[in-house]
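**Student:** Can you look at this prediction? I've put the sequence above it.
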Amino acid sequence: GINVTGQINVNGSALSAAPEITATASGAIAANKAVIVNSNGTISEVGESTSPSALTEIDDALNNTSEHVDPADVVWINDNTFIATWQAWNDSNKAYVIAGTISGSTITLGTKVKINTNNDPTKALQLAVDRTNETFLVVGYVAAGSDRFVRGGRISSGTTISMGSSNGIYNPTADSTCVASDDNGNFMIACYNSAQGAYKFENVVVNANNSITVSSQAEFSALYPISNTAQYASISYDKNQGKYFFVGVNNSNDLKGCWVTSNGSSSAPTVTATNFSIADSVYPDLSWDSNGSQFILTQQKHDGSNWKPYAVVLTPSGTNAPSIGTQFLMEDIITSNVKSTYITACKKVAVIRSGTSSIKIQVLNISGTTLSSYSTTTIDNLDRGAVCVHSHETDNRIVSVFRDDSDTYSARFQVWDVPAVTTNLTSENFIGFAPSAISNSASGTVAVTGNTSTQSGLTAGQKYHLQQNGTLSTTSVSTSVEAGIALSST
């Protein structure tokens, strides 16, 4: 260390024994608040801002085709492009896929592509994307013969879709299907066949020519879904553990679950059964909360009188059954469908749901394992089961689609920005606390880190972290920085 005798001058002025700096405020700074240094040398109070202030529609587009459609699924495949599937119910339920782009505030839809080239009627369409390779996999089953189909594809350019040459028919037959991706080249399919009495799982890879490589199968026999089981199951990838979690409905309308681990395209997956169970729940939809390392499950749950929209947090613990949080009733109404997606950029859940003569998008807050409502927006005065939603990988943006009966029964696509909280705090720009209030554009003093008695309620000897809203806590979070060790309560 350096022992100093006497006074140190900086630019002709004595350096305070308790260091302070003087700078110009950009925005008003309240007394005793944490302060950052901006890139232009001004100072500001640490704080958060929300943008946009409410759920904001960027654009909507109608797929003006001759089909009367039931949208089945929609997913973002890259930063500007989404793909969707539907069944044309006035054309023998033939299946199609379409791509759309968002540029600025304009949605542009491409040309639909028929999924099953045999022109068979289809059910239970589900999509998943591998964002690393920008490939997608669509699964479903043929309603007439219960043959299942699996087809891979990608965006060749813009909104142009290219798919493999196969018609996609695969054995064994299936009555229900779902699919998820690990975003690392692999897809996991779950398909149910009532004759065999088990869900079958297989790993799928979409090759460069859009053909697919399908592994041998593993099974989970603890489920016996009721009739008309389309979309009575869901699967999602736990990015921390590198495993999939699957939930499906048994013949008592109870959700059961298992873990599924991929062993590549040449070997059957490994299925690990659990004692996971949620009573009186159907139409599950799982999504992965990458910030909280947990799943969000939405479902229609029977409360003794009717099926209503619920959401709950599932916390993984190895390959044991995830712990189940408190069920959150989104609204006390009867629902016909509920779909959800976790939005990484704003740490919220977006839910699209139909019921009681309306289609609504509800945004949910997450605090630990507790869910609460942030906002609810009615987007149409219809009750249609054909609703879908998916979140952007990096932005606070979602895409939704529903069947618009008021406009030729077409698919209506909407892109929305969801309110996101941001902070001006970084890992490097915190400098100290303002002993006194500083007006906007005024010059003021900041007691630099390690030199402040402007706080209250501290515990001596505890290390404190500055949170993104400017408060102090003994808990460190992703955007917090170390503020110092308390020497006293102030």
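**Tutor:** That came in fine, so what should we check first?
**Student:** Can you tell me the element the spatially most central residue of the chain falls in?
**Tutor:** By CA atoms, centre = their mean, the chain has its centre lying nearest to Y342, at 2.0 Å. For Y342, the host element (DSSP states H and E) is strand 337-343.
**Student:** Heading C-terminal from that strand, find the next helix or strand.
**Tutor:** strand 348-354.
**Student:** quick revisit: measure the residue nearest to the centre of the chain to P52 for me?
**Tutor:** 19 Å (CB to CB, to the nearest Å). From N, CA and C alone the C-beta is placed, and that goes for glycine too.
**Student:** mind listing the strands for the stretch 101-250 of the chain?
**Tutor:** 106-109, 113-114, 122-130, 135-142, 148-157, 160-163, 169-170, 176-181, 187-193, 198-206, 212-214, 218-220, 233-238, 243-249 (DSSP state E, counting those that start in this stretch).
**Student:** nearest to M330, of the ones you listed?
**Tutor:** Ranking these by proximity to M330 (CB to CB) places strand 233-238 first, at 17.3 Å.
**Student:** picking that back up, burial count for the residue nearest to the residue nearest to the centre of the chain when sequence neighbours are not counted?
**Tutor:** Leaving out its chain neighbours, the residue that sits closest to Y342 by CB to CB, 6 or more residues apart in numbering is S287, at 4.3 Å. Using other CB atoms under 10 Å, S287 is surrounded by 23 other residues.
**Student:** One more: Q362?
**Tutor:** 23.
**Student:** distance of it from V113?
**Tutor:** Q362 is 32 Å from V113, where distance means CB to CB.
**Student:** returning to what we had before: compare the strands of the stretch 101-250 of the chain and give me the one nearest D380.
**Tutor:** strand 106-109 (16.8 Å).
**Student:** Pull out the buried positions in the closest one.
**Tutor:** For strand 106-109, the neighbour count (16 or more other CB atoms under 10 Å) marks I107, L109 as buried.
**Student:** Now do it: which elements does it pack against?
**Tutor:** strand 56-62, strand 94-103, strand 410-417 (3 or more CB pairs under 8 Å, 6 or more residues apart in numbering; DSSP states H and E).
**Student:** same question for that strand, mean pLDDT?
**Tutor:** The average pLDDT for strand 106-109 rounds to 95.
**Student:** check contacts around G185.
**Tutor:** Listed by CB atoms under 8 Å, 6 or more residues apart in numbering, the contact set of G185 reads D130, T132, N133, V205.
**Student:** which one of these is nearest Q467?
**Tutor:** For these, the nearest to Q467 is T132 (33.3 Å; CB to CB).
**Student:** which residues touch the closest one?
**Tutor:** D183, N184, G185 are the contacts of T132 under CB under 8 Å, 6+ apart.
**Student:** just to revisit the earlier point, for the helices and strands packed on strand 106-109, which one ends up most surrounded?
**Tutor:** Burial of the helices and strands packed on strand 106-109 is given as mean neighbour count (mean count of other CB atoms under 10 Å); strand 410-417 ranks first at a mean of 23.
**Student:** For the helix or strand following that one, what is the distance to the chain centroid?
**Tutor:** Using DSSP H and E, the helix or strand that follows strand 410-417 in sequence is strand 420-423. The chain centre lies 17 Å from the centre of strand 420-423; the measure is CA atoms, centre = their mean, to the nearest Å.
**Student:** and strand 420-423, what other elements does it pack with?
**Tutor:** By 3+ CB pairs under 8 Å, 6+ apart, strand 420-423 packs against strand 48-51.
**Student:** Can you list the buried residues in the strand it packs on?
**Tutor:** Quick answer for strand 48-51: no buried residues (16+ other CB under 10 Å).
**Student:** contact partners of it?
**Tutor:** P419, A420, V421, T422, T423, N424, Q468, N469.
**Student:** Show the pLDDT at I235.
**Tutor:** With respect to pLDDT, I235 has a value of 96.
**Student:** Could you pull up the residues touching it?
**Tutor:** C178, V179, A180, M188, A190, Y244, F245, F246, V247, V260, L286.
**Student:** what about 7 Å?
**Tutor:** Counting by CB atoms under 7 Å, 6 or more residues apart in numbering, I235 touches C178, V179, A180, M188, A190, Y244, F246, L286.
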